[in-house]
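K.L.:
The sequence isn't on hand, but the structure is:
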């Protein structure tokens, strides 16, 4: 059973008591991500995530780490397109200490100019690192052609140019606008009592009458024509990302699309893994994934391919997508995918941290606590015909987007253009 409380200041609290656990995973979720930025401050939310670790009203940078790591815990954060999360996993007896640190970071950061100047160099090096890694660079390129001239099509970390110009005032402006109780949720899982958690939060977080106006640019309609973008780079392996417009996270077909993902590239039994790697040896790494946001989404195929085999690999992938679109999935295959998906959900939620991420994501994106029982019930209702319907809608060859990083020859580029366009 999940517990949820909304405080007078509108901060949401969600928790799940997990039996026979000695740990607690705790996360403070903020409803702001990369899509909330304009071009001038692209990368600000990610930059702010870094700066919050540099010191708060009560804790220095070193104390923030020592207070949690000093008792055997771990501390981290992440920024996504729509959320920022600061989280820790600690032995249960250290909940109060841990929440005090996280809350002071989130609500009372110093955001000093000298810290911004020092961290600027760190983030610039992070941007360069990802640019040097083709398996990550190709994802940024795919986003660019999926959502051109839109915040979703631009790197979460920003660019060297935007980060170099970022000021402490820019970061404070984001903090003042978004880091308020009404835009924040606390999620916790493990050896915990909900009433004690709520009491602790009330004692640490002030009442707030601050108004909140959420603001982000709606996603553009998906391109109606195929797109190809190639970044020529001297690498030992070519990296491809093939994207198709998906669906928002609250869409009625969300679980059906996840089953399609499992069938096509979600495990070693999937069609693409079998055809591309096992039967033909065209790639070491190949798989699919689903990205779902408030108003848009993407279904993606990723692979790392031998430089001489890229055209063959893309051709096989496209043929397999079309076979599935035309109804190649059989009942036995479908049932195996359904059991795999449900099993992965259940196994993943045995860990306190994974369960906290599930809980936090649920309350931030949907506003309610999606239980495991509800998911199992919905997935069990899905029929093979449902997957075939969604496959026809999603696997539309007229809406393919191909991003590629590697030493592509002119001849290969021409062949790839012919395959996609």
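P.N.:
That came through, no problem. Everything numeric in this text was worked out from a predicted model, so none of it was measured. Numbers count the residues shown, from 1 in each chain.
K.L.:
buried sites along stretch 76-85?
P.N.:
77, 79, 80, 81, 82, 83, 84, 85 (16 or more other C-beta atoms under 10 Å). (Glycine included, C-beta is placed from N, CA and C.)
K.L.:
no no, stretch 169-189
P.N.:
Within stretch 169-189, the residues that count as buried by 16+ other C-beta under 10 Å are 170-172, 174-175, 177-189.
K.L.:
Kindly report the same for stretch 18-31.
P.N.:
By 16+ other C-beta under 10 Å, the buried positions in stretch 18-31 come out as 18, 21, 23, 24, 25, 26, 27, 28, 29, 30, 31.
K.L.:
So which of the buried residues of stretch 76-85 sit within strands?
P.N.:
Using DSSP state E, 77, 79, 84, 85 are the members of the buried residues of stretch 76-85 that sit in strands.
K.L.:
where's the second one relative to residue 30, distance?
P.N.:
Between residue 79 and residue 30 the computed distance is 9 Å (C-beta to C-beta, to the nearest Å).
K.L.:
Return the member of the buried residues of stretch 18-31 nearest to residue 48.
P.N.:
Set against residue 48, the nearest of the buried residues of stretch 18-31 by C-beta to C-beta is residue 30 (9.4 Å).
K.L.:
Quick check: chain neighbours aside, which residue is closest to residue 106?
P.N.:
Leaving aside its chain neighbours, residue 106 sits nearest to residue 28 (5.1 Å; criterion: C-beta to C-beta, 6 or more residues apart in numbering).
K.L.:
Mind listing the residues bridging to that neighbour?
P.N.:
Going by DSSP bridges, residue 28 is paired in beta bridges with residue 86, residue 186.
K.L.:
And stretch 13-33, how far out from the chain middle?
P.N.:
Stretch 13-33 sits 18 Å away from the centroid of its parent chain (C-alpha atoms, centre = their mean, to the nearest Å).
K.L.:
circling back: of the buried residues of stretch 76-85, which is the nearest to residue 64?
P.N.:
Distances from residue 64 to these, taken by C-beta to C-beta, are shortest for residue 77, at 11.2 Å.
K.L.:
Show me the chain divided up by domain.
P.N.:
2-204, 227-420 (automatic domain parsing).
K.L.:
Need those domains in TSV (columns: mean pLDDT).
P.N.:
Converted to TSV, the domains of the chain look like this (pLDDT from 0 to 100):
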stretch	mean pLDDT
domain 2-204	96
domain 227-420	95
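K.L.:
Okay, and which of the buried residues of stretch 169-189 map to strands?
P.N.:
Counting by DSSP E, these place 184, 185, 186, 187, 188, 189 in strands.
K.L.:
My guess is the first one contacts residue 106. True?
P.N.:
Yes: proximity of residue 184 to residue 106 meets the contact threshold set by C-beta atoms under 8 Å, at 7.3 Å.
K.L.:
any common contacting residues for the two?
P.N.:
Residues touching both residue 184 and residue 106 by C-beta atoms under 8 Å, 6 or more residues apart in numbering: 28, 30.
K.L.:
so where do the strands sit in the chain?
P.N.:
So, for the chain - with DSSP E - the strands run 2-6, 12-17, 23-30, 74-79, 84-91, 184-190, 227-232, 237-245, 283-292, 297-306, 401-406.
K.L.:
For those strands, please prepare TSV with the additional fields distance to residue 331.
P.N.:
Output for those, formatted as TSV (distance: least, C-beta to C-beta, whole Å):
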stretch	distance to residue 331
strand 2-6	34
strand 12-17	35
strand 23-30	39
strand 74-79	39
strand 84-91	40
strand 184-190	36
strand 227-232	35
strand 237-245	25
strand 283-292	21
strand 297-306	23
strand 401-406	32
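K.L.:
out of the ones you listed, deepest packed?
P.N.:
Mean neighbours per residue, mean count of other C-beta atoms under 10 Å, is largest over the strands of the chain for strand 184-190, with a mean of 27.
K.L.:
That one versus strand 12-17: what angle between them?
P.N.:
Going by axes from the mean of the first three to the mean of the last three C-alpha atoms, to 10 degrees, strand 184-190 is angled at 10 degrees with respect to strand 12-17.
K.L.:
packing partners for strand 184-190?
P.N.:
If contacts are counted by 3 or more C-beta pairs under 8 Å, 6 or more residues apart in numbering; DSSP states H and E, strand 184-190 sits against strand 12-17, strand 23-30, helix 95-107, helix 194-204, helix 352-365.
K.L.:
Spatially central residue in the protein, please.
P.N.:
Geometric centre of the chain, nearest residue: residue 80, 5.4 Å, by C-alpha atoms, centre = their mean.
K.L.:
who are the neighbours in contact with it?
P.N.:
Neighbouring residues of residue 80 by C-beta under 8 Å, 6+ apart: 33, 34, 156.
K.L.:
do you know how far the first one is from residue 260?
P.N.:
Looking back up the chat, that one is residue 33. Distance from residue 33 to residue 260, by C-beta to C-beta: 26 Å.
K.L.:
burial measure for residue 208, as a count.
P.N.:
Other residues near residue 208 come to 17 when the count uses other C-beta atoms under 10 Å.
K.L.:
measure it to residue 328 for me?
P.N.:
Distance, residue 208 to residue 328, using C-beta to C-beta: 55 Å.
K.L.:
repeat for residue 364
P.N.:
Residue 364 is 37 Å from residue 328, by C-beta to C-beta.
K.L.:
ok, back up a step: and residue 33 and residue 260? Which one has more around it.
P.N.:
Neighbour count, other C-beta under 10 Å: between residue 33 and residue 260, residue 260 has more, with 26 against 23.
K.L.:
give the contact list for the more buried one.
P.N.:
Residues in contact with residue 260 (C-beta under 8 Å, 6+ apart) are 299, 324, 387, 390, 391, 394.
K.L.:
out of those, what pair is the most spread apart?
P.N.:
299 and 387 (12.8 Å).
K.L.:
just to revisit the earlier point, closest one to residue 272 out of the ones in strands among the buried residues of stretch 76-85, please.
P.N.:
Of these, the one sitting nearest to residue 272 (C-beta to C-beta) turns out to be residue 79, at 29.7 Å.
K.L.:
Would you mind measuring from the closest residue in space to the closest one that isn't next to it in sequence to residue 174?
P.N.:
Among residues not flanking residue 79 along the chain, residue 46 sits closest, at 4.5 Å (C-beta to C-beta, 6+ apart). Distance, residue 46 to residue 174, by C-beta to C-beta: 11 Å.
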